[in-house]
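*Asks:* here is my input; please provide its structure:
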Amino acid sequence: MKLMGDHKVGTREEYRAARDELLEQEKELTRAGDELAKRRRELPWVPIEKDYEFDTDTGRRTLAQLFDGRSQLLVYHFMFGPQYTAGCPVCSSGADTYNGAVPHLNARDATFLCVSRAPLERLRAYKQRMEWSFPWVSAARSDFNLDFGATHTDDELRQFLESDDLGPVPGLAAQCGTDPAGYLAEGPVFNSFAISDGVVYHTYSTGARGLEFLMGFYGILDRAPIGRNEGDLSEMWIRRHDEYASP
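*Replies:* Numbers count the residues shown, from 1 in each chain. You can find the predicted model right below:
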């Protein structure tokens, strides 16, 4: 094998041998993913004893009513806080994939929606700009986001905000029309719920890199020749879909 730049170049036979070896590892990862999915389903369910209400396109609704007649509720806490003038660009990049997924989720007895603390009117306007149709509700008048890990207090943020390394946060905050403190008061989280005999249960939660399954383009980039090619993450490359420069 010889090198072209910093990458190997080889024969078709060398590629096939390396690909077959990688395929075995990919199969192991798939089987491990299946086992993890099973273990997620086996987590204990925690009854929700607190009352929550949300502003929706059809009026005020309780958490139980958000299930919309189905037995499962999948909630993405979209970063769009009271101080924001536009939704988080990273959350927005994932949201571009939701419209097509919703009918398939509904067909498997699962309701999917986004929830944010911004007023419903602001969410509607941004949703129209982005040309989305998935359900999006406001938790502006409840503790839902705080109780489920999607709102952060000043005390929780103080140490990070007082550090010298905020990474891409100032730029992301500016794109949302707020400051770093206002931006980080919101957090991206995915929560799952079930309802049985009128009782709502919390069944699963994930955040940080556990949310990458919602960003379909990452899985595609991982199979591209140079991968994600993100380089210095202090410069966040992700934009809202109507903000990329034309090629």
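
*Asks:* top helix in this protein by residue count?
*Replies:* helix 12-41 (DSSP state H).

*Asks:* which other helices and strands does that one contact?
*Replies:* Here helix 12-41 touches no other helix or strand, going by 3 or more Cβ pairs under 8 Å, 6 or more residues apart in numbering; DSSP states H and E. The C-beta positions use only the backbone N, C-alpha and C, and glycine is treated the same way.

*Asks:* report the mean per-residue pLDDT for it.
*Replies:* In this model, helix 12-41 has a mean pLDDT of 96.

*Asks:* tell me the helix or strand right after that helix.
*Replies:* strand 46-47 (DSSP states H and E).

*Asks:* note down every partner strand of that following strand and its orientation.
*Replies:* strand 199-207 (antiparallel) (DSSP bridges).

*Asks:* can you pull the buried residues of whatever helix or strand comes next after the partner strand?
*Replies:* Using DSSP H and E, the next helix or strand after strand 199-207 towards the C-terminus is helix 216-221. Of all the residues in helix 216-221, those buried under the rule 16 or more other Cβ atoms under 10 Å are G216, Y218.

*Asks:* packing partners of helix 216-221?
*Replies:* Partner elements for helix 216-221 (3+ Cβ pairs under 8 Å, 6+ apart): none found.

*Asks:* and the contacts of it?
*Replies:* S93, G94, T97, E212, G227, R228, N229 (Cβ atoms under 8 Å, 6 or more residues apart in numbering).

*Asks:* out of those, what pair is the most spread apart?
*Replies:* T97 and N229 (20.3 Å; Cβ to Cβ).

*Asks:* between those two, which one's more packed in?
*Replies:* Between T97 and N229, T97 has the larger neighbour count (other Cβ atoms under 10 Å), namely 13 against 9.

*Asks:* residues contacting that one?
*Replies:* L214, M215, G216, F217.

*Asks:* hmm, try it at 7 Å
*Replies:* If a contact means Cβ atoms under 7 Å, 6 or more residues apart in numbering, then T97 has G216 as its contacts.

*Asks:* any idea how far Q72 is from the closest residue to F78 other than its chain neighbours?
*Replies:* Closest residue to F78 apart from its sequence neighbours, by Cβ to Cβ, 6 or more residues apart in numbering: C114 at 4.3 Å. The spacing between C114 and Q72, counted by Cβ to Cβ, to the nearest Å, is 16 Å.

*Asks:* of those two, who's got more company?
*Replies:* Legend: neighbour count by other Cβ under 10 Å for C114 and Q72, higher for C114 (21 against 16).

*Asks:* you'd agree that one is up against S133?
*Replies:* No: with contact defined as Cβ atoms under 7 Å, C114 does not count as touching S133 (11.6 Å).

*Asks:* so where do the helices sit in this protein?
*Replies:* 12-41, 63-66, 89-95, 98-107, 120-130, 144-147, 154-161, 169-175, 180-184, 216-221.

*Asks:* would you mind finding the most buried of those helices?
*Replies:* Among the helices of the chain, ranked by average contacts under mean count of other Cβ atoms under 10 Å, first place goes to helix 89-95 (a mean of 22).

*Asks:* for stretch 44-51, which positions count as buried?
*Replies:* I48.
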